[in-house]
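Visitor: Build me a model:
(2 chains)
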Amino acid sequence: AQKITQTQPGMFVQEKEAVTLDCTYDTSDQSYGLFWYKQPSSGEMIFLIYQGSYDEQNATEGRYSLNFQKARKSANLVISASQLGDSAMYFCAMRERDRPYAGGTSYGKLTFGQGTILTVHP
Amino acid sequence: GAGVSQSPSNKVTEKGKDVELRCDPISGHTALYWYRQRLGQGLEFLIYFQGNSAPDKSGLPSDRFSAERTGESVSTLTIQRTQQEDSAVYLCASSLEGTGRTKNIQYFGAGTRLSVL
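Guide: So this is what the prediction gives:
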């Protein structure tokens, strides 16, 4: 079974509008982390935002926010006020055994979804 | 350096040849990861280093793949007897593993695009 599912192969948004990129995940771990990365055409993976499974508040980083619904196992990325430079591939990823709250080191490979290509129109 | 550096940025090789891909992590980062990204796909985990040890090699696809890390710094991913199916972008990431409330974010290099003819 897929651990990370991104059901939108491509999304289009008008400049200055908001867009939501969907991500659902599957894990039996109680402590896990969810990440979003942006991959422009240059290929580099750029970290955008992190949400820990025990975080009570949804994560926000500037124009990025994460709509975390634990019961539904979804971690959607919301980009507000889209800009032309936001056009890129976006990946959702999960790290299981994420233990930053237990005082231990958190280790974990990231498991990635298939990505969503976002195109921002002027 | 300021970020994760990978070399070469592009590598074209013939089937059956060996290749070495290099990763220089962010200075002071104790953890280092290798991932593979096939065209149009998400990233697949290959191997993880903590210091110079590799506690998780579970993603290496075959015994043709190996990796090492020295000086708790640079890492080399070696692919022996390359096959066309090895064609992909190989990405390296590093993170500052720590205790307590730390996010241990993985920061990625730009990758090495490997083409096996």
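Visitor: And the residue nearest to the spatial centre of chain B, how far from chain A?
Guide: With distances taken as C-alpha atoms, centre = their mean, B:Trp34 lies nearest the centre of chain B, 2.9 Å away. Counting by C-beta to the nearest C-beta, to the nearest Å, the gap from B:Trp34 to chain A is 10 Å. All C-beta atoms are positioned from the backbone trio N, CA, C, and that covers glycine.
Visitor: Just to be sure, that residue is in a helix?
Guide: No. Under DSSP: H, G, I helix; E, B strand; the rest coil, B:Trp34 sits outside any helix and is assigned strand.
Visitor: May I have the beta-bridge partners of residue 112?
Guide: Just going to use chain A. In this entry, A:Phe112 is beta-bridged to A:Ala93, by DSSP bridges.
Visitor: That was the other one, I meant chain B.
Guide: Here B:Thr112, judged by DSSP bridges, has bridge partners B:Tyr90.
Visitor: OK, contacts around residue 82?
Guide: Going with chain A. A:13-19, A:120 (C-beta atoms under 8 Å, 6 or more residues apart in numbering or on different chains).
Visitor: my bad, chain B
Guide: B:13-19, B:64, B:114, B:116.
Visitor: Filter the contacts of A:Ser82 down to just the buried residues.
Guide: The neighbour count (16 or more other C-beta atoms under 10 Å in any protein chain shown) marks A:13, A:19, A:120 as buried among the contacts of A:Ser82.
Visitor: chain center to stretch A:46-53: distance?
Guide: Centroid separation for stretch A:46-53 versus its chain: 6 Å, with C-alpha atoms, centre = their mean, to the nearest Å.
Visitor: All good on my end, thank you.
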